[in-house]
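# output the structure for:
(chains A and B)
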Number of protein chains: 2
Amino acid sequence: MNKKRFTKVRKILEEKQVDALLISSIPNIIYLSGFSGFSKEEREGFLLITKNHNFVITDGRYRSAVKLGLKDFNFVEIEQGQSLTETISIVARKNKIARLGIEKNNITVFEFEILSKTFKKIKNFSLSSLREIKNEEEILLIQKACSLADKAFDYILGKIKEGISETELKFEIEFFIKRSADISFSTIVAFGENCALPHHQSTNKKLKKNQIVLLDFGVKIDNYCSDMTRTIFFGKATTEFKKMYQAVLEAQKQAIDFLIRNSNKDIKASTVDKIARDYIVSRGFPAIPHSLGHGIGLEVHEDPKLSPNSKSKLSLGNIFSVEPGIYIPNFGGVRIEDLVLLTKRGPLLLSNANREIIEV
Amino acid sequence: MNKKRFTKVRKILEEKQVDALLISSIPNIIYLSGFSGFSKEEREGFLLITKNHNFVITDGRYRSAVKLGLKDFNFVEIEQGQSLTETISIVARKNKIARLGIEKNNITVFEFEILSKTFKKIKNFSLSSLREIKNEEEILLIQKACSLADKAFDYILGKIKEGISETELKFEIEFFIKRSADISFSTIVAFGENCALPHHQSTNKKLKKNQIVLLDFGVKIDNYCSDMTRTIFFGKATTEFKKMYQAVLEAQKQAIDFLIRNSNKDIKASTVDKIARDYIVSRGFPAIPHSLGHGIGLEVHEDPKLSPNSKSKLSLGNIFSVEPGIYIPNFGGVRIEDLVLLTKRGPLLLSNANREIIEV
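From the prediction side, this is the model:
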């Protein structure tokens, strides 16, 4: 249990003038309790934080696991026939909780309707501004994840061969990572014109000579994620490819140079996005059809967002991706993505894999 | 595109007296469009079904993918600076949609607040009763997934050796499956007393002689899931283990026998749960701390639920798990889980892996 985090969370109780915070999103449950056993796809457990108590509300399947893993929490078991949300109402009545803080971007309308019957006042709260600032332990885990991703990239370069399919190459990357960690998202492997689809799902398409290969993959270590993209050329890189590649690489460099020049200053996330975005357009290429970057931690995508409309300011301890890209339908694409940590001494790139043009 | 499904979905428009249905949950998006490219963890796309149109609303990253994969949908691109939910409002105004159907168990309070500004009337709808009844193609895919899981089980029996860790065995299963398909959920491997935790997360615990080994894993083929559990004994099975095992196996048999005796009749899901549940208690063991079973398809857990409080009735075309279990803290546990398809000729077990006691 991380006491600092709980102190900060209890400050939210005061600020929002509520009696309890209901932590329902999985990353926030992990952030506060360290327990990552609840399913991401189903509602299996919630935390309820009051001024003096930490409750974990879940069903009998988790009885032993919770008692082992969540020693600072009072275990509230959902009784047969009750729903998770109904059980919260019972705990609330027992503990005189009338005003509740919820995560509005996580609680469903269905759950809200049940909660509304019990609580006089329901307010929104968010932990994303806490989670944006990584502590040493979090930085270390993300660094470890990045470093394993670097190794995975080295390994995979040796697997890129004529005739291998996107799915097979995806399997090879994930296989390598899973020997000692987990993947943080389903790996993207795209060949040739499929590189023009920023979120391509791998197919059985086989690699041919003189095709672009785009690899976007991440490692997860103790729940903390990395995210990296490299675009390489299978064969002798063409002039067209080189032009695209240099434009993307230079866009990334300009964004990072801006971070260097402005270290320890207030930087708007949208400004960094604009620098890379404008550069790519200035080189005659189509605008990036996605954000320049995103925070990363317990989730692959979290705050701060580096996008034209982002209201985020960047702070020390932020870790985020810088990932400009150019996509030309029916031709191909290039994306280069690295994670950056903002330190007092300036931005630190967390991945070391070669960023220059690689021909295999 | 499956025309029958769209006809049924458009019936919901009439029944609910709404102008459009907003399909926001990933499994329902896949169910209606076949497109599985949207992230499960983030909001990247919605479907909007009106009397005469099918819209897919998503951002620029998916432009090409959607045009290739969703030919019967009108592509609505989210403009820079707009959110997904805001874009729906724009489509609604253009198409005179005033009354909207939403999935209340999927739409968040945050999204609801935005939608409420645009739509005069918002009603709840659900596709789960449609999805409960599997068609031939769905049955075939789940059967394929079960059959690969059988093979994975055979394979893994050869890997159970003294000193192997839970994590390593988990890796071996997933490695086998991923060579030709995907996993449907994170594999559970538990040794010894860890088998007492129904949702145990694998650790580095190493296998010793005379320990129980519990394996709960699933395969996903073309988005359709399987789910199976086997509990085996590493060494010569003890009397205690045999008693537990036989009680669990007999509980499963009694539930399935009941389905056989009542084929083509109206059966309450809760009755099937009760048969297995009561049997285990009658043998002097603690009650099952979870449901007896769950429907399965695009999601690992879907309707019908086989639990004491379930209101579901079972119907032809249902596929669900029957998975009684006994868990003894600090000792171990046994669970046996198979999928059953209800056909006109009675219940059909979709897995063929040995259900009797296996000693390795």
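# who's in contact with A:Leu169?
A:156, A:159-160, A:189, A:202, A:207, A:213, A:215 (C-beta atoms under 8 Å, 6 or more residues apart in numbering or on different chains). For every residue, glycine as well, the C-beta is placed using N, CA and C.
# with A:Glu162 instead?
So A:Glu162 contacts A:206-209, A:234 (C-beta under 8 Å, 6+ apart).
# do the same with A:Ile358
A:157, A:230, A:232-233.
# quick one: it from chain B, how far?
Distance of A:Ile358 to chain B, given as C-beta to the nearest C-beta, to the nearest Å: 24 Å.
# got the phi and psi for that residue?
With angles defined as degrees, to the nearest 10, A:Ile358 sits at phi -110, psi 130.
# what about A:Ile275, which helix or strand?
If you go by DSSP states H and E, A:Ile275 is part of helix A:269-282.
# is that helix anywhere near chain B?
No - using C-beta under 8 Å from any C-beta of the partner chain, helix A:269-282 never reaches chain B; the gap is at least 10.1 Å.
# which outside residues touch that helix?
Helix A:269-282 is contacted from outside by A:247-248, A:250-252, A:254-255, A:258-259, A:286-288, A:291-293, A:304-314, A:320, A:322, A:324, A:326, using C-beta under 8 Å, 6+ apart.
# where along the stretch 151-300 of chain A do the strands fall?
For the stretch 151-300 of chain A, applying DSSP state E, counting those that start in this stretch gives strands covering A:182-183, A:188-191, A:211-217, A:219-221, A:224-225, A:228-234, A:267-268, A:293-295.
# and those, which one averages the lowest pLDDT?
Of all these, mean pLDDT reaches its minimum on strand A:182-183 (a mean of 94).
# helices or strands up against that one?
Counting contacts by 3 or more C-beta pairs under 8 Å, 6 or more residues apart in numbering or on different chains; DSSP states H and E, strand A:182-183 is packed against strand A:219-221.
# run me through the strand neighbours of the strand it packs on, direction for each.
strand A:182-183 (antiparallel), strand A:224-225 (antiparallel) (DSSP bridges).
# ok, A:His199 touching B:Tyr62?
Yes - under the criterion of C-beta atoms under 8 Å, A:His199 makes contact with B:Tyr62 at 6.4 Å.
# between those two, point out the one with more neighbours.
More neighbours surround B:Tyr62 than the other of A:His199 and B:Tyr62, with 24 against 19 (other C-beta atoms under 10 Å in any protein chain shown).
# so the more buried one makes contact with B:Gly37?
Yes - between B:Tyr62 and B:Gly37 there is a contact at 6.7 Å, judged by C-beta under 8 Å.
# identify the contacts common to those two.
Joint contacts of B:Tyr62 and B:Gly37 (C-beta under 8 Å, 6+ apart) are A:His199.
# circling back to that earlier point, buried subset of the contacts of A:Ile358 as a ChimeraX selection?
With 16 or more other C-beta atoms under 10 Å in any protein chain shown as the criterion, this ChimeraX line picks the buried residues out of the contacts of A:Ile358:
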select /A:157,230,232,233
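# filter the contacts of A:Ile358 by proximity to chain B?
The subset of those lying close to chain B, counting by C-beta under 8 Å from any C-beta, is empty.
# wait, which of the contacts of A:Ile358 is closest to A:Lys3?
A:Arg230 (39.9 Å; C-beta to C-beta).
# ok, the closest residue to A:Phe55 other than its chain neighbours - contacts?
Among residues not flanking A:Phe55 along the chain, A:Leu48 sits closest, at 4.2 Å (C-beta to C-beta, 6 or more residues apart in numbering or on different chains). Counting by C-beta under 8 Å, 6+ apart, A:Leu48 touches A:20-23, A:54-57, A:76, A:88, A:91, A:97.
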